[in-house]
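Undergrad: okay, predicted coordinates and the sequence, questions at the end:
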There are 2 protein chains.
Amino acid sequence: MKRPVRIGLLGCGTVGAGVVSILQSNGRRIAGRAGGDMVLRRVAVRDVAKARDVEISPDLLTDDPRLVVEDPEIDVVVELMGGVEPAFELMAQALRHGKSVVTANKEVLARHGAELSALADEHGAALLFEGSVAGGIPIIKPLRECLAANRLQSVMGIINGTTNYMLTGMSRSGVDFESALQQAQALGYAEADPTSDVEGYDAAFKIAILASIAFETTVRVEDVYCEGISRITPADIEYGKELGYTVKLLAIARETDGRLEVRVHPTFIPDSHPLAAVNDVFNAIFVQGDAVGELMFYGRGAGGLPTGSAVVADIIEAARRLRRGGNGLAPAKPRALPVIPIEETVSRFYVSLRVVDRPGVLASIAGAFGRHEVSINSVIQKGRFEDPIDLVFVTHEVQEAHLRRALADIDELDVVRRISNVIRVEGPEL
Amino acid sequence: MKRPVRIGLLGCGTVGAGVVSILQSNGRRIAGRAGGDMVLRRVAVRDVAKARDVEISPDLLTDDPRLVVEDPEIDVVVELMGGVEPAFELMAQALRHGKSVVTANKEVLARHGAELSALADEHGAALLFEGSVAGGIPIIKPLRECLAANRLQSVMGIINGTTNYMLTGMSRSGVDFESALQQAQALGYAEADPTSDVEGYDAAFKIAILASIAFETTVRVEDVYCEGISRITPADIEYGKELGYTVKLLAIARETDGRLEVRVHPTFIPDSHPLAAVNDVFNAIFVQGDAVGELMFYGRGAGGLPTGSAVVADIIEAARRLRRGGNGLAPAKPRALPVIPIEETVSRFYVSLRVVDRPGVLASIAGAFGRHEVSINSVIQKGRFEDPIDLVFVTHEVQEAHLRRALADIDELDVVRRISNVIRVEGPEL
């Protein structure tokens, strides 16, 4: 193909503007790397009259996305509208027309990734989505290609910048969840309705995508166990520090005996773990493979230019494939890999209890743990001269179902005022 | 191509055994990802009788490497012998026969990479070398493909595990260089002759390769400024800590006004910098691009299996290219990008002086700095009740030539017993 590769954009918000700006400022370099010129042919937006951060010739703008996906002169459709519909239907339509599709839409991929992949295969088109997870950090291609020699064992990531910013603030200055949220909102890092970030739904979409790639399967987002950060208190963070732990919202996917764990929840990790040093809005993905050992990929997980960097890399890849003809190899069929119910997963736990300071309290709680095969690694007692006091336990590895039964018993004890919090613990025992 | 892709190995030491072991244990997975089977056809070793960590059928072994590079039935030659000759000539020969070449040989690439690339282009063969830098960490392909949307600004890495292990030990336990070296040698992390690691030569080869890829140019290893870690003292590490810095042996490549800085030297970085948390034998590469911002790639920089992971990924890539026919796009011609002499580079500096404790000492030293346009960011004085004392300065950014002239003047001052050390400082000012 000697002529320029022609690109159509669906959506031109933050990421779309980033993509256009990169194509404009680094166009010559990019043409060299893509093996020839690229040209932006059409941009579908909701409101053509709206002021934008980038200059786009008015005759490229349209408010009809069908003019992008049906234009026979467009080779690569770049979907950056977000949301499931009409994004899904438009991408499907583009693939049916044999166009390559590049997207950064985590929700569509987490919900309909398998259908879109099948369509892409059927029509010999590329479906690329590096920008859908962790913004500018290269992770999809590294997992697929650079780590292709490995049996991957686990993928563990800080893949939501908003909650990482909040937890970093809570750790540094001791503020509570509400203050951290207000600060994040004031800085534009959290949305007015922060539910998707703070409840872990955003991370759940992303880990569904990562797990599907890393383990060559199809993970449904409904199968991702999900817990947010709203119940993390300054006391938990303080107790964690004393124990040598940092709290992070981790998204975890791990293959265990032919089944998959996929979960998002606040997690204590040792201060010495590389993920513990990932602060503010930065993202990082920690990968373990049988040959490579431990790897970590770190960078900016959001923003127009970082995400645009990943999207444009995909556009370049799509252009190279078009130029050399054919679409690489047909990907292998996804494996059937059942997801383990959270009750059956094995983890270590931090358990914080508010108890009456009375002789025999520790014995009765330890007894309840013991009856359900929960063994204790460490315990700290806080507030010696107050009553009630806090008792904080870190368990050894235990099946979640056993822990829950033990906690149900503990909750019944007269001396226990409340179970303040339960937080999973990852990484080597300290 | 329906038949298996046939692989020939040159060398079967630590990395070679890792490659064979990965191909054996993950063969089925790898075949799926490579689009078909691969078969190990011949392994050239120095001594066919030697005991090995992996099982290789004796009829595959030969002590004649020409039987690998000249065998028309071998598609991919994997060079893991190390050293410049005969590795270079064998790879050149393989490429002339149109075979794809995969190598982890940093020295050959740093010295003859451009010639090998040209040969590969000429004969339509692939030349892949992910394993040559930072072991299992994916960095060559991410730089080339995943970051193709960016104008890269700098690449900064901890790419020598031996020295990072030693500096980590010196930081943690206050031991001196000699003890740290002995410990590293006892654990097998340092060789009996540690020159190549501790003097930074190993890192210089690797940064020459990384800089050539990142900046699409050809960096000669002779142009890499190189300083080792043997002059770092426990006192430097202690003073650095007080100032908020961690010392690392960094390899740095940075484009400045159309020229390239390429250097390897001990460097103070702020404790909060992601590279400061990279400890023990781990490697990491910190990349800055105009779109993506800051990225870091972290993992194991050496070892048979981690490096084998990168080599096998390259073998899979070579197989895919063979199967789809053609060798991707011809790479762009390297740019001419002159390397800046170290005297012209701009940096911040830590300067440690042993001086007589006498009124006016600080003024005369400050005067010498001032005369040469060196301005001071911070100063600490140690050993209040001893004489002589240590005066430690951290400068603002200054051209190295100016600093050297100031130090020459300072060295002449009667009150200055000696210039104990000069260490460059990277990262934001504290």
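TA: All right, it came through fine. Numbers count the residues shown, from 1 in each chain, chains lettered A, B, ... in the order given.
Undergrad: the strands in the stretch 251-400 of chain A, which residues?
TA: Using DSSP state E, counting those that start in this stretch, the strands of the stretch 251-400 of chain A run over residues A:259-270, A:282-289, A:293-300, A:346-355, A:376-382, A:389-395, A:398-399.
Undergrad: for the stretch 101-250 of chain A, same thing?
TA: A:127-128, A:152-158, A:225-226, A:245-256.
Undergrad: which among the ones you listed is found nearest to chain B?
TA: strand A:152-158 (9.8 Å; CB to the nearest CB). All C-beta atoms are positioned from the backbone trio N, CA, C, and that covers glycine.
Undergrad: where does the stretch 251-400 of chain A come near chain B, residue by residue?
TA: A:272, A:274, A:277-279, A:289-300, A:303, A:305-306, A:308-313, A:316-317, A:320, A:323-324, A:326, A:328-329, A:332 (CB under 8 Å from any CB of the partner chain).
Undergrad: residue contacts, the residue in the stretch 201-350 of chain A that chain B sits nearest to?
TA: As assessed by CB to the nearest CB, chain B sits closest to residue A:312 within the stretch 201-350 of chain A, at 3.4 Å. Neighbouring residues of residue A:312 by CB atoms under 8 Å, 6 or more residues apart in numbering or on different chains: A:19, A:22, A:23, A:30, B:148, B:149, B:291.
Undergrad: kindly report the same for residue A:139.
TA: Contacts of residue A:139 (CB under 8 Å, 6+ apart): A:130, A:133, A:210, A:285, A:297.
Undergrad: 6 Å instead, please
TA: A:133, A:285, A:297 (CB atoms under 6 Å, 6 or more residues apart in numbering or on different chains).
Undergrad: model confidence at the second one, what's the number?
TA: At residue A:285 the predicted local confidence, pLDDT, stands at 98.
Undergrad: counting neighbours, what do you get for it?
TA: 29 (other CB atoms under 10 Å in any protein chain shown).
Undergrad: up against chain B, what does the stretch 51-200 of chain A have?
TA: Residues of the stretch 51-200 of chain A lying close to chain B (CB under 6 Å from any CB of the partner chain) are A:136, A:138, A:141, A:142, A:146, A:148, A:149, A:150, A:151.
Undergrad: may I see those residues arranged in TSV, with neighbour count, pLDDT and distance to residue A:344 as well?
TA: Below are those laid out as TSV (neighbours: other CB atoms under 10 Å in any protein chain shown; pLDDT from 0 to 100; distance: CB to CB, whole Å):
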residue	neighbour count	pLDDT	distance to residue A:344
A:136	32	96	36
A:138	27	98	33
A:141	21	97	33
A:142	26	98	30
A:146	29	97	32
A:148	24	97	30
A:149	30	97	30
A:150	27	98	26
A:151	15	97	22
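Undergrad: tabulate the residues you listed (a markdown table), appending distance to residue B:185.
TA: A markdown table is the format used below for those (distance: CB to CB, whole Å):
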| residue | distance to residue B:185 |
| --- | --- |
| A:136 | 40 |
| A:138 | 36 |
| A:141 | 39 |
| A:142 | 34 |
| A:146 | 32 |
| A:148 | 35 |
| A:149 | 30 |
| A:150 | 31 |
| A:151 | 33 |
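Undergrad: quick one: closest of the strands of the stretch 251-400 of chain A to residue B:113.
TA: strand A:293-300 (24.8 Å; CB to CB).
Undergrad: partners of the closest one in the sheet?
TA: strand A:282-289 (antiparallel), strand B:293-300 (antiparallel) (DSSP bridges).
Undergrad: tell me which of the residues of the stretch 251-400 of chain A next to chain B fall in helices.
TA: A:305-306, A:308-313, A:316-317, A:320, A:323-324 (DSSP state H).
Undergrad: so which bits of stretch A:43-57 are buried?
TA: A:43, A:44, A:45, A:54, A:56 (16 or more other CB atoms under 10 Å in any protein chain shown).
Undergrad: contacts for it?
TA: So stretch A:43-57 is contacted by A:9, A:10, A:12, A:17, A:20, A:21, A:60, A:61, A:62, A:63, A:65, A:68 (CB under 6 Å, 6+ apart).
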